[in-house]
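Participant: Quick one: sequence and predicted model below, then my questions.
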Amino acid sequence: MPVTDLALLTQAARKSGQIAAGYFGQGPEIWEKADGAGPVTAADLAVNTMLHQTLQAARPDYGWLSEETEDTDARLDTQAQFVIDPIDGTRAFIAGTKDWAHSLAIVHAGQVTAAAVYLPMRDMMFTAALGQGAYLNGAPINTLSNTAMAQATILTHKANCHKKHWKGGVFPQTNIAFRSSLAYRLCLVAQGRFDAMITLRPTWEWDVAAGTLILSEAGGVATTQTGGAIRFNNPHPQLDGLIGAGGLHGTLMAHLA
């Protein structure tokens, strides 16, 4: 019986974790990408090679978009695409912390239909398929219903708290936390451990494709920073920021400038 898209992603995510764990804490070779795009390690490249070979062999008609593969227009002519970040949170990986993830998604007609986000050092496997709910290690997860900023904790970077982003030049009274991986931030909101996540800079699709489905299937909402709907497999694969939340989403949008 053919394996489902979600099962394919889940199996590949676990294999990614096995590869990356072999490099973790071992001082892998590190390079700086051009144009200040950040670091990449030998682990990122090894995981990317395995994923490309494994996933494309299983679904040769699917397009390919990955942070660690040079992008081409070929994916724009396909009916479905893999959208992959081999290691999301590479800086956390280099620093030796556990908050990095493998982020794997499948997109059909601009919409994510299957997703897996795996944190191997925490053994946390977040999964979702369109219309089938979101899960952590097989158990259902749901977002928080809180709508009050003062009672909320938001995952974001301090740069997003600058007064220029908020109505009246005032960042609302709330609590702030940080995780390096955008995929993990979205999953933590989906899990109900945090109320929302915010990123107000152009956001690469591979960072958030899997997490947005997991969040929405957990009862949350993900939009651009202006409240627009999110569509994937764009010619230039970036989104206009991202706001992901449970019950707090409307409140956040009302405060943003």
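Facilitator: Happy to help now that I have it.

Participant: What segments of the stretch 1-150 of the chain are helices?
Facilitator: 5-23, 42-58, 90-95 (DSSP state H, counting those that start in this stretch).

Participant: Looking at the ones you listed, spot the one closest to residue 157.
Facilitator: Closest to residue 157 of the helices of the stretch 1-150 of the chain is helix 90-95 (CB to CB; 12.0 Å). C-beta coordinates here come from the backbone N, C-alpha and C atoms, glycine included.

Participant: just checking, what packs against that closest one?
Facilitator: Contact partners of helix 90-95 among helices and strands, from 3 or more CB pairs under 8 Å, 6 or more residues apart in numbering; DSSP states H and E: strand 39-41.

Participant: mind listing what's buried in the host helix or strand of residue 189?
Facilitator: Assigned by DSSP states H and E, residue 189 falls within helix 182-191. Using 16 or more other CB atoms under 10 Å as the test for burial, helix 182-191 gives 182-191.

Participant: before we move on, back to that, closest to residue 80 out of the helices of the stretch 1-150 of the chain?
Facilitator: The nearest among those, by CB to CB, is helix 5-23 at 8.4 Å.

Participant: which of the helices of the stretch 1-150 of the chain has the lowest average pLDDT?
Facilitator: Among the helices of the stretch 1-150 of the chain, helix 90-95 carries the lowest mean pLDDT, a mean of 94.

Participant: Report the buried residues of that one.
Facilitator: When burial is assessed from 16+ other CB under 10 Å, helix 90-95 yields the following buried residues: 90, 92-94.

Participant: Looking at those, which one is closest to residue 168?
Facilitator: Residue 168 has its nearest neighbour among those in residue 92, at 34.1 Å by CB to CB.
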